[in-house]
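S.K.: I'll drop the sequence and a predicted model, then ask my questions.
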Amino acid sequence: MSLITSSIGQGLLWGVLALGLYLTFRILNFPDMTVEGTFPFGATICVSALVHGVNPLAATILSFFAGMVTGLVTGLLYTKGKIPVLLAGILTMTGVYSVNLRILGKANVGLLNKNTLLNGQLLQKLPINFPTIVVGLIIAIIVIVLLAVFLDTDLGQAFIATGDNEKMAQSLGINTDNMKILGLMLSNGLIGLAGGLLAQNGGYADVNMGIGTMVIGLAAIIIGEVVYGDLSLTARLVAVVIGSIIYRLILLLVLQLGFSTNDFKLISAIILAICMMLPLFEQKFRTRKLLKKGVEKP
């Protein structure tokens, strides 16, 4: 039971990262490689602040703003420097690695005997792993509500229009470059926030902890879409978080089958590949079914 509750708690925290990735991957419709640099940067800023005695809530908020900075850098490289988005993200990710080392002073720093958002006095009274679930659920709800409200505003609709059809958005007088920068900042802000939360949950920050995070976020998005199909935009945000929980439970099942934790990255890639191919298989199945019905008609 403790393994299941742990997976649910981690799924909620990783869901925040998936929500951030959803903004660029689905709404703006481009891949942002900054993710694998932003995640450890948020963790680094949060852990460094906690080590120096900063309030856990303030340290967590700092991780969000740290992520926004990396998103801003990538956005400026992409829109003003005219560097392709993939390369702009890779450049930022590479540079942030050295920044993380400068901040931490070494490859990793622990949070032993440090106050965090997950070990408050009230939360410690809960059963094991439930503090993570409570904090993860509260933050996931807040993020989903704020994103839903934002996307329903004129600015949010301009943001969506930029991803749907950039030329049409420009013809309507929307500054699409600013929308892209805004999207990258919000996306990476949430990813940095997830980094700070998961660093507190794991008890450490490591400069290499961002490897594979993009695959994890994409897996959560794809699983949520495959399981729930066509939904409203707000419902899709909820589905992304649920997809993150399902993904963690799948990993738990794989672990219970005897696989090593060293295989998680490979398993993550396989799960993502299968989920992305499911719509294709479903379409082929429907086509064959329709053809079969057509043949059977007299």
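M.R.: Cool, the structure landed.

S.K.: Need the pLDDT of residue 113.
M.R.: Residue 113 carries a pLDDT value of 83.

S.K.: whoops, I mixed them up, residue 64
M.R.: Value for residue 64, per-residue pLDDT: 96.

S.K.: For the nearest residue to it once chain neighbours are set aside, give me its contacts.
M.R.: The shortest distance from residue 64 to any non-neighbouring residue, by C-beta to C-beta, 6 or more residues apart in numbering, is to residue 193 (4.2 Å). No exception for glycine: its C-beta is placed from N, CA and C like everyone else's. Shown in contact with residue 193 (C-beta atoms under 8 Å, 6 or more residues apart in numbering): 16, 20, 42, 60, 63-64, 67, 139, 143.

S.K.: any idea how far residue 193 lies from residue 67?
M.R.: 6 Å (C-beta to C-beta, to the nearest Å).

S.K.: out of the contacts of residue 193, who has the most neighbours?
M.R.: Most neighbours among the contacts of residue 193, by other C-beta atoms under 10 Å: residue 42, with 35 neighbours.

S.K.: ranges for the strands of this structure?
M.R.: Taking DSSP state E as the test, the strands found in the chain are 108-110, 204-206.

S.K.: strand partners of the last one, parallel vs antiparallel please.
M.R.: The reference is to strand 204-206. Applying DSSP bridges, strand 204-206 is found paired with strand 108-110 (antiparallel).

S.K.: Find the residues that touch each one of residue 193 and residue 67.
M.R.: 20, 42.

S.K.: give me every residue that touches residue 21.
M.R.: Shown in contact with residue 21 (C-beta under 8 Å, 6+ apart): 32, 35, 187, 191, 214, 217-218, 221.

S.K.: typo on my end, residue 139
M.R.: So residue 139 contacts 12-13, 16, 193, 197 (C-beta under 8 Å, 6+ apart).

S.K.: do that again at 10 Å, thanks
M.R.: Neighbouring residues of residue 139 by C-beta atoms under 10 Å, 6 or more residues apart in numbering: 12-13, 15-16, 60, 117, 190, 193-194, 197.

S.K.: try residue 212
M.R.: Residue 212 sits in contact with 36, 39, 264-266, 268-269, where contact means C-beta under 10 Å, 6+ apart.

S.K.: Next up, phi/psi of it, please.
M.R.: Backbone geometry at residue 212, expressed as degrees, to the nearest 10, gives phi 90, psi 0.

S.K.: what about stretch 272-285, distance to the chain center?
M.R.: On the basis of C-alpha atoms, centre = their mean, to the nearest Å, stretch 272-285 is displaced by 22 Å from the centre of the chain it belongs to.

S.K.: What lies in contact with that stretch?
M.R.: Contact with stretch 272-285 is made by 214-227, 229, 243, 247, 250, as judged by C-beta under 10 Å, 6+ apart.

S.K.: Counting neighbours, what do you get for the closest residue to residue 150 other than its chain neighbours?
M.R.: In space, and not counting its chain neighbours, residue 150 is closest to residue 156: 4.7 Å by C-beta to C-beta, 6+ apart. By other C-beta under 10 Å, the residues close to residue 156 number 18.

S.K.: pretty sure residue 156 contacts residue 234?
M.R.: No. With contacts counted by C-beta atoms under 10 Å, residue 156 stays clear of residue 234, the gap being 11.6 Å.

S.K.: so what sits against both of these two?
M.R.: 147-149.

S.K.: Is it correct that residue 70 is in contact with residue 184?
M.R.: Yes. The pair residue 70 / residue 184 is scored as a contact, 8.6 Å apart, by C-beta under 10 Å.

S.K.: from the chain's centre, how far out does stretch 191-204 sit?
M.R.: Relative to its parent chain, stretch 191-204 has a centroid offset of 12 Å by C-alpha atoms, centre = their mean.
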